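**Student:** Provide a 3D model corresponding to the input given below.
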Amino acid sequence: MGDADAQPRPTTCIQRLSYAVVNTLERIFYRYGHSVASHPSRYIVVILLLTGLSCLGFLNFKIEGRSEKLWIPQNSDYVKTLEWQKQNFPQDQRIEMILYSAENILTADHVREMYQIHERLAAIEITNSKGQHFNFSDLCVRVPALGGKQRDELLRLKEAMFPGHHLSTELDWSLMVDKTTYNEFYRIMPTACLEISLLEMWGYNATRLAALADHDVIHAINTVTLSATFSYPMKFTELLGGVTRNASGHVVGARTALTFLMMQVTRSRIDHADITNQAGLGEEADPEVMAWEGEYIAYLKNVNVTGDLEVYFQAQRSFGEISEKTIFGDVFFLVCGNVILFMYVQLMLGKFNMVENRPVLSILGMLTTYMAVAMAFGLCSAAGLLYGPIHNILPLLMIGLGVDDMFVIVQCWQNLDHQERQLKLRQRMGQALRHAGVAITVTSMTDCAAFLIGATTVLPALRSFCIYAAVSVLTLYVFQATFFVAWFTYDQRRVEDKRNGLFWCYKHRDWQPNKCSQGDLATHFFDKVYSKVLLMKPTKVLVFLVTAAMLGVSIWGVMNLKQSFNPILFIPHSSYLFQFLSRLFNFYPQTGERGTVYFGALNYPQELHKIGALAEALERSEDVASVTSWYDLMVDYTQKDTGEDIRGKELNETFFQQALSSFLFSPAGTRFQTYFHFDGNLTIARPTPTVTACKFDYQHNTIEGREEQIAAMEEVKRLVKEAQFSDVAAATSFVYSSWETNKVIMEELVRNLCLAMVAVFIMTLVLLANIVAACFVFLCVALTLVNVMALMTWWGLTIDIITCINVVLSIGLCVDYSAHVALHFMQAGQVTPVSRPPPPSSVLSGCCRVGTQSKVSVCGAPIPLLLPSGFRMTGQCALREIGPPVINGAFSTFLSFFLLAYSDSHVFLSFFKASYHMLVAVALLCLGVCSLRVFHGLVFLPVLLSVLGPPAYLKPHHLPGGERGEGQEDTSRAWMKPHPLERRESIAITAQVTDYGITRCSSLSTTILNVMPT
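**Tutor:** Numbers count the residues shown, from 1 in each chain. You can find the predicted model right below:
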């Protein structure tokens, strides 16, 4: 003991800090585990009560399906404009669309089938809560109809009154006859439901349709330019997709045809308590229209058609409705995945005999996870946080993390050494949680930090998801350390009482475990095979080369990663809406995105010319294909009606209101009545009330690419802003919701990744209390992120909200495994070469020496005494102890998501793809599946630590004044006191063995003494 080497070695502040942090954590968890095992029923009851109280928060649980509340920054122009539009210019029309598809849709038989579907839809009748009946005719948008017999009569009248005009030239009756006469005629003008389809060419006339031949259809599509029902000019070829033309340019065939049905929202019937934004587009609908849309969907889902005709459709409510259903979709796969996961957990937690198998504990362990998720969801719901489609993966994620913690706790229990196994149950449980608690604290706190950083994003769905996840991780951490440990205590009492693993009331008499059930294949594999092969010099070189090659290839993949966000991808691919939209975009790619410019309470007489100037500026823009503005039509009509040229001029209010009224009731302006909102009712032959809001439409060119789309949107916004209107003036489009998200998502991803990585480093540095180990964990996380993002490229995924979440999740998942391994390397004792004579025979009395191995009796238990020369055994010890729970956790996480490969939800598919590639990219391990995070945690990190790893945590004898005297506590009870990093050499050989550098290989494993001979 007088040798200089036996004196306490110099220590640094970092070493002392690491000792203080880890020692404090282990003391806390020992006492906590001791307390839980002493009073398990109390802790179980407390956890159940807390869970029940938290579940009251589900009373405030609401599913959010509106895209503007999920995917778009709430301070964006799109959301601000949408909120203004909902208050000042609510949409009173809803569009239902039908897409007919066939090899050639322009046949008489297919046209007749379209007519039959039209008739059946017109016959749909619904009954509201008051017993009133409504059909399509009652709920549709009705407009003046001058077609059919009315049109024939008007043409004859036209010929008599204006013999000098060609009948083919449509005359504006409001300009040709006396205003009083025209106004009276307008009041009695018949109306019809606004439905735009090919059937307009024949005026929905059953007799004409019955007599159609194929050549009649082709002739009509090439010659008819006027709606037979409304007498409006129409380009029917715009309804066709996949058009085939002959050499002369005439249409001879088409693959698809569109039909539009316009429904009228009656705001007086809207029940704001029950009908809220079912479309997911910030729109409202009255219950009657919603009910009709439901019947419309039900009919078209089951419509029977003949030949090769196919019918695809959407309703205005479809997007929000299907998005909400997606949240609770794939239940079958989730249930099956949980069943498979339970079977695996049961196999790994228990042993193959009637007493030591643990089916009940496996169920309770998974129940612990469900309760933690329920409590977290209840708390978040009580706080009013939204729940969207992407939240559906959280239970799966928490199950994976919860099972990881279960495996770590059980493995630490199994790693108790011979001396620890002689203690009372509550002390043993304290010892197990003493080591497991530190491990799950490191992983849980780093996961929570990563998610809390993600919660700072401006994207509402991602922010809510990260808060849900952070709270779930914290509750899971508490529940596993409390509820699961409490039931683990009861289950261990059952085992020690030799009661049946499934039927606890049945006690096996004279039971002895069979020899086969006592083996641990996973531990044996990691101890005898894996660790030895991995830590060989050739293997280390190979690992570094493979890691470098993966990094180089992954960097190339990341450089090719594209950004794109499309809410349509959140729709299940088997849904009717996805099938409709996929064909719509396929057959109508030339159709640019439509937008609307809204104007508030301007001084319209004085600023009318600004509206005209803005419309002209938009038409000149390279990104805008066309502008549907009432301004030019009003200018032309007013000049014909009054002789006054108002283009570019400021008007007085009286003249403006009279001119606008005349225009809106003219044939040219009737369709623009819905483009204005007034402070009062619009009445024919009277000046308009004060205009409170108005709009006009425009259409973009077909724009591909994120940068081009954002540039087009910003250009339109710039033109509107430069017009300098006195009140609100804003341009918006449904597609701007995606473009606004694309505008910020890359910035958000980079910011969140950087902050999350910094948070992870700080948390691992604090909890591991070693800067080198924290840097190595950080490196593994960074490598995994690069690999995962490269895999996203090769899978065809793009940067969107879901993949952003996957990347954030990857941080948490790979931190888990890397932190576990680094912590166990630091806890394992490090052997260093010494130059001393062999231990005296008195020290090794009772040892049976074979080669370089000896056995020494410690408290009556034979323990291997390894005698390697100048060799680090830390890696082998750490891999033997942490390898099994890590690989079990990885495989259980894979099992929880595996069946979702058969899901058609983009949320699940994206997550599965990312997880799956992390599982198969590197090596065939554990049924041929291993993840990148397992590779970096169980392959790369151990090799890196074995080459460049820091010293292990300080033992008390390394500290000044920390050396034991011979008279110091030499009882077994004192030796087992919970000083976390204290060496626990045999009492009988403590003094002599200390001089020979004998240290305990790991605070978790069976006691292994490493002696360094000369």
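**Student:** let me know the helix or strand that the residue nearest to Leu385 when sequence neighbours are not counted is in.
**Tutor:** Nearest residue to Leu385 in three dimensions, chain neighbours excluded: Ser464, at 4.9 Å (C-beta to C-beta, 6 or more residues apart in numbering). From N, CA and C alone the C-beta is placed, and that goes for glycine too. Secondary-structure element containing Ser464, defined by DSSP states H and E: helix 460-479.
**Student:** report the buried residues of that helix.
**Tutor:** Neighbour counts using 16 or more other C-beta atoms under 10 Å place 460-477, 479 of helix 460-479 among the buried residues.
**Student:** tell me the phi and psi of Ala625?
**Tutor:** For Ala625, the backbone dihedrals (degrees, to the nearest 10) come out as phi -80, psi -40.
**Student:** go ahead and confirm it touches Asn701.
**Tutor:** Yes - with the criterion set as C-beta atoms under 8 Å, Ala625 and Asn701 qualify as a contacting pair; they are 4.7 Å apart.
**Student:** joint contacts of those two?
**Tutor:** Between them, Ala625 and Asn701 share these contacting residues under C-beta atoms under 8 Å, 6 or more residues apart in numbering: Gly592.
**Student:** who's in contact with the residue nearest to Leu385?
**Tutor:** For Ser464, the contacting residues are Cys380, Leu385, Leu386, Tyr387, Gly388, His391, taking C-beta under 8 Å, 6+ apart as the criterion.
**Student:** so which of those comes closest to Val728?
**Tutor:** For the contacts of Ser464, the closest approach to Val728 (C-beta to C-beta) belongs to Leu386, at 26.9 Å.
**Student:** which residue sits closest to the closest one, ignoring its sequence neighbours?
**Tutor:** Glu64 (4.0 Å).
**Student:** how about the contacts made by that neighbour?
**Tutor:** Glu64 makes contact with Leu70, Leu386, Tyr387, Gly388, according to C-beta under 8 Å, 6+ apart.
**Student:** and the furthest pair within these?
**Tutor:** When the contacts of Glu64 are compared pair by pair using C-beta to C-beta, the farthest-apart members prove to be Leu70 and Tyr387, with a separation of 10.1 Å.
**Student:** the more surrounded of those two?
**Tutor:** Leu70 (24 against 21; other C-beta atoms under 10 Å).
**Student:** how far away is that one from Ser464?
**Tutor:** With distances defined as C-beta to C-beta, to the nearest Å, the gap from Leu70 to Ser464 amounts to 9 Å.
**Student:** my read: Thr654 touches Pro687, true?
**Tutor:** Yes - between Thr654 and Pro687 there is a contact at 7.0 Å, judged by C-beta under 8 Å.
**Student:** quick one: which of the two has more around it?
**Tutor:** Under the criterion of other C-beta under 10 Å, the comparison of Thr654 against Pro687 puts Pro687 first, with 16 against 10.
**Student:** how close does Gln87 sit to Pro73?
**Tutor:** Separation of Gln87 from Pro73 (C-beta to C-beta): 20 Å.
**Student:** nearest residue to the middle of the protein?
**Tutor:** The geometric centre of the chain, computed from its C-alpha atoms, lies nearest to Ile390 (C-alpha atoms, centre = their mean), at 3.4 Å.
**Student:** my guess is Phe490 contacts Ala37. True?
**Tutor:** Rather than Phe, residue 490 is Tyr. No - counting by C-beta under 8 Å, Tyr490 does not reach Ala37; the two are 9.6 Å apart.
**Student:** quick one, which of those two is more surrounded?
**Tutor:** Remark: of Tyr490 and Ala37, Ala37 carries more neighbours, 25 against 16, as counted by other C-beta under 10 Å.
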